[in-house]
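Engineer: turn this into a model:
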Amino acid sequence: MIVLGVDIGGSGIKGALVDTEKGELVSERIRIETPQPATPEAVAKTLKDLVSRFDYNGPVGCGFPATVHHGTAFTAANIDKTWINTPAEKLFTETTGLDCYVLNDADAAGIAEVEFGAGRNVPGVVMMITIGTGLGSAIFVDGKLFPNTELGHLILNDDIAEHYCSDSARQRHELSWKKWGKRFNKYLHRLEFLFNPDLIILGGGASKSFEKFSEKIDVRTRVVTAETLNTAGIIGAALHAGRCADNGIKPNMEPQVCAEPEEKA
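Structural biologist: So this is what the prediction gives:
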């Protein structure tokens, strides 16, 4: 099955046609700059522009940098705050005229790795950590995804983990790879303590420099880098959309609401 997969990021929106049986791109990858500010309407229009560049009329999978529950974005850690409570699947489907299925971007990357990459046929608990502007996470148990974990928001050294040891934190604090690696190692130890994974897969831009900080990683869990590299988000999003379409699942067109916490009496 050929499905259009899209990876929506803070700086770029990338898409390609994917053979979901092989986990391979079968078209060129097209990238469009993410509009600034990246409001829902602006991103939807850019997505429509991207889709129009392909000779395609099927389901579209969209990896998105937020918690996505029943098609609605509930968080906006590294994107425009107006995305909170936005019915992303409804917006994208109505704007493009195609069935759009939206999931967390790290979950999409993890799906690609578990199906076709370093996590393929690995039993037990597999964690995918994407290292970029923030820290994305995905957890699989015997190949089944537990979605929207957002483990980049764990508290580490009295700070949010992704503020302490994401790639943007490394650049912001002008850390060497080895000094940053010591920070990231603390994060992996926290994950290991909480989840006891059997395998940790590192993705995102910083994973390409693994050999520069690997000597600082001393968790007992096996740590490897992603095999699908910068195509993981596109492949995983396409797989998700293809499965939904195959199972007769339509995009969720009913907006959800992230309830505000009740005030204590």
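Engineer: okay, CA-based contacts and neighbour counts for the rest of this
Structural biologist: Noted.
Engineer: what about the helices in the stretch 51-200 of the chain?
Structural biologist: For the stretch 51-200 of the chain, the helices defined by DSSP state H, counting those that start in this stretch occupy 88-96, 105-116, 161-165, 167-172, 177-195.
Engineer: if you skip the residues just before and after it, what's nearest to residue 227?
Structural biologist: The shortest distance from residue 227 to any non-neighbouring residue, by Cα to Cα, 6 or more residues apart in numbering, is to residue 117 (5.1 Å).
Engineer: could the helices of the stretch 51-200 of the chain go into a markdown table alongside mean neighbour count and distance to residue 12?
Structural biologist: Below are the helices of the stretch 51-200 of the chain laid out as a markdown table (neighbours: other Cα atoms under 10 Å; distance: least, Cα to Cα, whole Å):
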| stretch | mean neighbour count | distance to residue 12 |
| --- | --- | --- |
| helix 88-96 | 22 | 17 |
| helix 105-116 | 29 | 13 |
| helix 161-165 | 23 | 20 |
| helix 167-172 | 18 | 16 |
| helix 177-195 | 18 | 25 |
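Engineer: what comes up buried for stretch 58-78?
Structural biologist: Neighbour counts over stretch 58-78 (16 or more other Cα atoms under 10 Å) mark 58-75, 77 as buried.
Engineer: quick one: which of those residues sit in strands?
Structural biologist: If you go by DSSP state E, these have 60, 61, 62, 63, 64, 68, 69, 72, 73 in strands.
Engineer: ok, of those, which one's closest to residue 231?
Structural biologist: Of all those, residue 231 sits closest to residue 63, with 11.5 Å by Cα to Cα.
Engineer: who are the neighbours in contact with the closest one?
Structural biologist: 6-8, 102-108, 233-234, 236-237 (Cα atoms under 8 Å, 6 or more residues apart in numbering).
Engineer: how far away is it from residue 89?
Structural biologist: Separation of residue 63 from residue 89 (Cα to Cα, to the nearest Å): 11 Å.
Engineer: which residues do these two both contact?
Structural biologist: Shared contacts of residue 63 and residue 89 (Cα under 8 Å, 6+ apart): residue 102.
Engineer: now the strands for the stretch 151-265 of the chain?
Structural biologist: Ranges of strands in the stretch 151-265 of the chain, per DSSP state E, counting those that start in this stretch, are 155-156, 159-160, 199-203, 222-225.
Engineer: rounded mean pLDDT for the longest one, please.
Structural biologist: Put plainly, it is strand 199-203. The average pLDDT for strand 199-203 rounds to 97.
Engineer: cool, stretch 1-9 as well?
Structural biologist: pLDDT averaged over stretch 1-9 gives 96.
Engineer: distance between that stretch and the chain's centre?
Structural biologist: 12 Å (Cα atoms, centre = their mean, to the nearest Å).
Engineer: mind giving me the domain split of the chain?
Structural biologist: Here the domain parsing of the chain from automatic domain parsing is 2-107+231-246, 122-226.
Engineer: hang on, residue 82 packs against residue 42?
Structural biologist: No. Residue 82 lies out of contact with residue 42 (Cα atoms under 8 Å); the separation is 11.3 Å.
Engineer: read off the pLDDT value for the residue lying closest to residue 82 once chain neighbours are set aside.
Structural biologist: Spatial nearest neighbour of residue 82, chain neighbours left out: residue 39 (6.3 Å); criterion: Cα to Cα, 6+ apart. Residue 39 is assigned 95 on the pLDDT scale.
Engineer: ok, residue 39 - contacts?
Structural biologist: With Cα under 8 Å, 6+ apart, residue 39 has these contacts: 80, 82, 83.
Engineer: now the buried members of these.
Structural biologist: residue 83.
Engineer: ok, of the contacts of residue 39, which one's closest to residue 178?
Structural biologist: Using Cα to Cα, these come closest to residue 178 at residue 80, 32.2 Å.
Engineer: per-residue confidence at the closest one?
Structural biologist: On the pLDDT scale, residue 80 is placed at 91.
Engineer: that one and residue 37 touch, don't they?
Structural biologist: Yes. With contact defined as Cα under 8 Å, residue 80 counts as touching residue 37 (6.8 Å).
Engineer: find the residues that touch each one of the two.
Structural biologist: The overlap between the contact sets of residue 80 and residue 37 (Cα under 8 Å, 6+ apart) is empty.
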